[in-house]
Structure formats: C-alpha cells, structure tokens
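Undergrad: The following comprises the amino acid sequence and a computationally predicted model.
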Amino acid sequence: MFSLKNIPSTLSILSTYTTFTASAMLIRSVATEVQAIINQLIPEQLRNLLLSKLGGLYSNPSSQMTLLINDYDGYCINELYEASHTYLQTKITPSMKRLKVSKAPRDKKVIVNIHKGQKVVDLYEGIQVKWEMKCVETKDDEQGKVEIRVLELSFHNKFMETVINSYLPYVMERSKAIKEENKAVKLFSLGNFCGDYDGAWGSTNLDHPATFDKLAMDPAVKKELVDDLDRFVRRRDYYKRVGKAWKRGYLLYGPPGTGKSSLIAAIANYLKFNIYDLELTSVSSNSQLRGLLVSTRNRSMLVIEDIDCSIELQNRQAGPGGHGQGTNDELTLSGLLNFIDGLWSSCGDERIIVFTTNHKEKIDPALLRPGRMDMHIHMSYCTPSAFRVLASNYLCITDHDLFNEIDQLMLEVEVTPAQVAEELMKSEDTDIALQGLINFFRDRKLKSENCNSGGREADLEEQNESKARERVCATDKIGKSKGT
Ligand SMILES: Nc1ncnc2c1ncn2[C@@H]1O[C@H](COP(=O)(O)OP(=O)(O)OP(=O)(O)O)[C@@H](O)[C@H]1O
Ligand SMILES: [Mg+2]
C-alpha cells in the first residue's frame, strides 16, 4: 500500500527504474546507430547470413517471447501471416538449404520463399528477432487431419511493445511494397474470355509499355498529374478525416492520336492499378451496371472511353428484346453518375475513374460539374517539347540541326503525336526520319492551304476517312496497343 513512509524507497526504485530506462534507451539508440552503420557497410545478403549464424548465441530461453502467427484465423486468411511470409522473401540467404519457389498468375517473376523448418534472423532498430516457419497437424471435424502453417516470431520479452506496435506494422508495410513490385497490372474488360475471371469481367495482363517518361505531353501538365496521383495514393487518412470517398476522377480530352489511351496505361503502370475498361455499349441496364461496378476491386481504375457517346444514354429506348426489356431499368446517364458518385464510390477504396473524349464540348454538363471529374487534362496536338520526347523515344536523340525547322512547322500545322511517331519510325537513319517528318508537315500544310482556298470538302472527306480508319483500328485501345 502507498504511504508517506514509503516515499524514499519508492523514489529510489523510481530513480533506479529511470536510470535503467535511460540506460536501456541509450543502449537502444546506440544499437540503432550501430545497425545503421552496419547496414551501410555490409550488403543485405551477407548481413542476413551473419545474423543467421550468430542468432543462436544470444537467446536466453527464460526471457524469450514467442508469437504464433497462423495462416488462417478461423476461415479467414490471416493477413499478418501473408504479410510476414512475403516479407521473409527478402531475408533469404545462400546458406539456406531448402527453399520454396512459386509463381502465381499475377506475379511477374518467380518467387523464392522459406520452407517449413526454416529459421530466419532479422534485426530491427537494434532488436534481434527470430522467425521460424512450422507446419502443425490439427484435427478438423469436417476435413479430418489438416495441416496449418505457423510462423513463430521470437524475441526478448522486453521488446514486446516495439515488436507489436512498430516491427509488425513495418513488416506489413514492406510486404505491401514487395507485392506491388511483383504484381503484373491487369486489364479487365467485359466478355474477355481468354484470361482470368472476376465476375463478368475477364482479364489479361496489361503489357502496355507506356510510362510517364515516354509520354509526349506538356511537361507542366504531366508534373501536375503525377503530383496529383502521388498525393491521392498517400491520402487514405485524409479522405477518411474529411468524410470523402477515396476516389479521384480524370477527364482526358483531345483529338484522336494525342495519347489519351497511352496516358491511361501510363497511370496504371505507375500506380500498379488494374484497369476496368467499361464499354458502355455492352451494358444494357442500370442494374447490370451496378453489378459490374460493385464487382471491381480496390486500387483500380474504371475507364470509360469516348464518354461523349454516353449522351445517347439519356435517349435510349427499350427496343424489342433490346435494352431494359421494356422495364424502367434502361441504362441512363444519371444511373451511371449515381453509381459513380454514390453507391460504388462508398463501397471501395483507392478508385480512379477516367473518362476520355475527342469532343469535350459535346459532353453532358452533368459530367463536367465541379467535384465530379477532379482534373480535366487536355491532350493536345504535338508541341516542340512533346516532339523532343518523341525524338528521344524513337531516334534516341536530344538535339539535331533540323529541330528548329520542325518546331517552326509544328506551329503552322496541327499534327498529333501519333502521326509524328509514325513518321519517326519510318527509318532508323536519323536524318532520313527527320527529313521524312518535314516532308509530311509540308504536305499537310499544302493540303490545308488548298482546303482554305476551296478544297474544304476534299479535306473534310479525308478527315472522315481517317476518323473511320481510327475507329476500325479501335483495337489500339489501351491494352491491345503495344505502344507503336
Ligand atoms: N502523347 C503521346 N506520347 C507518346 N506517344 C503517343 C502520344 N500520343 C500518341 N502516341 C502514339 O500513338 C499511338 C496512339 O495513341 P493513343 O491511342 O494513346 O491516342 P488516343 O488519344 O487514345 O486516340 P483516340 O482518341 O483515337 O482513342 C500510341 O500507341 C503511341 O504510340
Ligand atoms: Mg484512345
């Protein structure tokens, strides 16, 4: 019981405790610094090897604490097991004799991981922890004998708090990053019967090589977009705090061949988000749309290309055996907007919605309302800075005597990055390719002058033909395009 008489001894205990705590803190901070120095001097593999050899020397069984991490918690996967198992991939050393190798459909490469009986020693902020993978047989009423996998995590019991509150969250974080690195981005579309299934969505790997580096677009807009994406993905808590669904909408607009689909692929590759490519013409009712949207997963992009065509949605009639089959359930623009704003956005996390159009002016104003599409991104005809990116991509050059002439022509004639790219690909000889591009510009210029002096109809015809060709080449959309 506490009394005044006890004060001196209490003080002495307190001071001993304080000294002890201070010393412990000092030792911890020195250990952390020493570890930082070791980390700099010794490569990770060698470090892990040394630790695994030295591991046994330190342990004192009486002060050991062991945490058991089972693969399943009841019928649910134990996320901590999955994360720890993934994290341990980074702790493999050449001294390990038996390892497990695997490759899931979504993995980009073969995964090497520890096997049962394997021990791994890890060092975290000066604390040494030991992992061991075990398989235990248990009896299950329904299935008879079942084997459960357990990861045992042992450490000195005084580090319990740090391990629970700091080390394990660190393991979870690291595993998320490792999974992201290994993950192949998927392109989901309706009626795609050649890949994996996810409800009505079929998927294939998105093998599109587009990256922000390779995209020819206004550098300021590119930077603004990349910053916006970075901010978006790190703002989980912010969205929760302000009570907003964690989603972001982008409207990409500009003429055909200016890189809208390439930009979508670049965003997906950058964030490692899967793409759900929604062809509205394949959706017949609001309820079908709702089903499709709720079956999409987190950390994904919903893409609706050529959204200006959706204006027709408002006037869709249920024809015989057609959309909606005579009910009031026809797909409508307001239905689409409601699901996007409401139901779907509140049942998912980290969602990006992208609409594209060649004609922003034709889009229903409801789609452009503030707050619906957070950023409107103009993909323009080729500019001098965009041309520099294309010249570097296709010809590996950063400067050339002909650049000035090309810059000048670009101000006089409107050409798309796709057209420039096509010209640059025609020869491996830089001079010939650039001269070909100049000829192309001159030809276009001449045609547009003829058009202005009466040849307008011919030009319109050419534009229509080229538009029709682009539509036939719609296979160039997102995933199918290999970034010509
Ligand atoms: N801004 C760009 N930067 C780099 N390459 C580009 C760019 N724009 C177009 N290209 C090249 O042209 C091809 C076609 O471009 P893309 O399909 O991205 O255009 P789009 O704007 O989506 O056209 P559409 O409106 O017809 O769908 C791409 O595969 C790419 O090789
Ligand atoms: Mg496109």
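TA: Nice, thanks for sending it over. Quick caveat, the model's predicted, so the values are computed rather than measured. Ligands and ions are numbered 1, 2, ... in the order given.
Undergrad: Now do the helix or strand harbouring residue 84: which elements does it pack against?
TA: Using DSSP states H and E, residue 84 falls within helix 79-88. For helix 79-88, the packing partners by 3 or more Cβ pairs under 8 Å, 6 or more residues apart in numbering; DSSP states H and E come out as strand 64-70, strand 111-114, strand 127-140, strand 144-156, helix 168-182. (Glycine included, C-beta is placed from N, CA and C.)
Undergrad: quick one: the residue of the chain found nearest ligand 2 from residue 208, how far?
TA: Per Cβ to the ion, residue 261 is where the chain lies closest to ligand 2, at 3.2 Å. Between residue 261 and residue 208 the distance is 9 Å, computed by Cβ to Cβ, to the nearest Å.
Undergrad: quick one: which of those two has more around it?
TA: Per other Cβ atoms under 10 Å, whichever of residue 261 and residue 208 has more neighbours is residue 261, with 26 against 22.
Undergrad: residues making contact with the helix or strand containing residue 408?
TA: Per DSSP H and E: residue 408 is located in helix 403-412. Residues from elsewhere that reach helix 403-412, judged by Cβ atoms under 8 Å, 6 or more residues apart in numbering: 382-384, 387-388, 391, 434, 437-438, 441-442, 445.
Undergrad: Please list all residues in contact with residue 210.
TA: Contacts here follow Cβ under 8 Å, 6+ apart; on that basis residue 210 touches 262-263, 265-266, 269, 483.
Undergrad: ok so, going back, helix or strand for the residue of the chain closest to ligand 2, just tell me which one.
TA: helix 260-271.
Undergrad: Could you list the residues in contact with the helix or strand just after that helix?
TA: Downstream of helix 260-271, the next assigned helix or strand under DSSP H and E is strand 274-277. Applying Cβ under 8 Å, 6+ apart, the contact partners of strand 274-277 are 185-189, 201, 203, 206, 264-265, 268, 296-297, 299-303, 305, 477-479.
Undergrad: same thing but at 7 Å, please
TA: 185-189, 201, 206, 264, 268, 296-297, 300-303, 478 (Cβ atoms under 7 Å, 6 or more residues apart in numbering).
Undergrad: mind checking how far it is from the chain centre?
TA: When distances are taken as Cα atoms, centre = their mean, to the nearest Å, strand 274-277 is centred 11 Å away from the chain's centroid.
Undergrad: Which positions in it come out as buried?
TA: 274-277 (16 or more other Cβ atoms under 10 Å).
Undergrad: Quick one: mean pLDDT over it.
TA: Averaged across strand 274-277, pLDDT comes to 94.
Undergrad: Counting by contacts, list what the helix or strand just after that strand packs against.
TA: Once the chain leaves strand 274-277, the next helix or strand it forms, by DSSP H and E, is helix 286-294. In this structure, helix 286-294 makes packing contacts with helix 333-341, helix 343-346, judged by 3 or more Cβ pairs under 7 Å, 6 or more residues apart in numbering; DSSP states H and E.
Undergrad: Try it again at 6 Å.
TA: Contacts defined by 3 or more Cβ pairs under 6 Å, 6 or more residues apart in numbering; DSSP states H and E place helix 286-294 against helix 333-341.
Undergrad: Alpha carbons of the helix it packs on, in PDB - could you do that?
TA: Provided in PDB are the C-alpha atoms of helix 333-341 (Å, rounded to 0.1, in the frame of the first residue of the first chain):
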ATOM      1  CA  LEU A 333     -26.500   8.800 -67.800                       C
ATOM      2  CA  SER A 334     -28.000   9.700 -64.500                       C
ATOM      3  CA  GLY A 335     -27.800   6.000 -63.500                       C
ATOM      4  CA  LEU A 336     -24.100   6.000 -64.400                       C
ATOM      5  CA  LEU A 337     -23.400   9.200 -62.500                       C
ATOM      6  CA  ASN A 338     -25.300   8.000 -59.400                       C
ATOM      7  CA  PHE A 339     -23.300   4.800 -59.200                       C
ATOM      8  CA  ILE A 340     -20.100   6.500 -59.700                       C
ATOM      9  CA  ASP A 341     -20.800   9.200 -57.100                       C
END
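Undergrad: Name the residues of it that are buried.
TA: 333, 335-337, 339-341.
Undergrad: so how far is that helix off the chain centroid?
TA: Distance, centroid of helix 333-341 to centroid of chain: 25 Å (Cα atoms, centre = their mean).
Undergrad: mind listing the strands for the stretch 351-484 of the chain?
TA: With DSSP state E, counting those that start in this stretch as the criterion, the stretch 351-484 of the chain has strands at 351-357, 375-378.
Undergrad: Indicate which one of the ones you listed is closest to residue 291.
TA: strand 351-357 (16.5 Å; Cβ to Cβ).
Undergrad: List the strands paired with the closest one, with their directions.
TA: strand 247-253 (parallel), strand 300-304 (parallel) (DSSP bridges).
Undergrad: got any ranges where the protein has weak pLDDT?
TA: Within the chain, the segments meeting pLDDT under 70 span 1-61, 75, 104-108, 140-144, 192-199, 310-328, 343-347, 452-484.
Undergrad: Break it down into its structural domains.
TA: 31-182, 186-380, 384-474 (automatic domain parsing).
Undergrad: would you say residue 100 is within a strand?
TA: Yes. Assessed with DSSP: H, G, I helix; E, B strand; the rest coil, residue 100 lies in a strand.
Undergrad: My understanding was that it contacts residue 113; is that so?
TA: Yes. The criterion here is Cβ atoms under 6 Å, and residue 100 meets it with residue 113 at 4.9 Å.
Undergrad: Where does this protein get nearest to ligand 1, which residue?
TA: residue 259 (2.7 Å; Cβ to the nearest ligand atom).
Undergrad: and that residue, how far is that from residue 159?
TA: For residue 259 relative to residue 159 (Cβ to Cβ), the value is 52 Å.
Undergrad: Kindly report the residues of the protein close to ligand 2.
TA: Within the chain, the residues that sit near ligand 2 (Cβ under 5 Å from the ion) are 260-261.
Undergrad: returning to that earlier point: please identify the most buried of the strands paired with strand 351-357.
TA: Each of the strands paired with strand 351-357 was scored by mean neighbour count; the highest is strand 300-304, a mean of 23, by mean count of other Cβ atoms under 10 Å.
Undergrad: What are the contacting residues of that strand?
TA: 264, 268, 273-278, 352-355 (Cβ atoms under 6 Å, 6 or more residues apart in numbering).
Undergrad: Just send those back as a markdown table, with distance to ligand 1 too.
TA: Supplementary listing: the contacts of strand 300-304 in a markdown table, determined by distance: Cβ to the nearest ligand atom, whole Å:
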| residue | distance to ligand 1 |
| --- | --- |
| 264 | 8 |
| 268 | 13 |
| 273 | 18 |
| 274 | 19 |
| 275 | 13 |
| 276 | 17 |
| 277 | 12 |
| 278 | 15 |
| 352 | 17 |
| 353 | 17 |
| 354 | 11 |
| 355 | 12 |
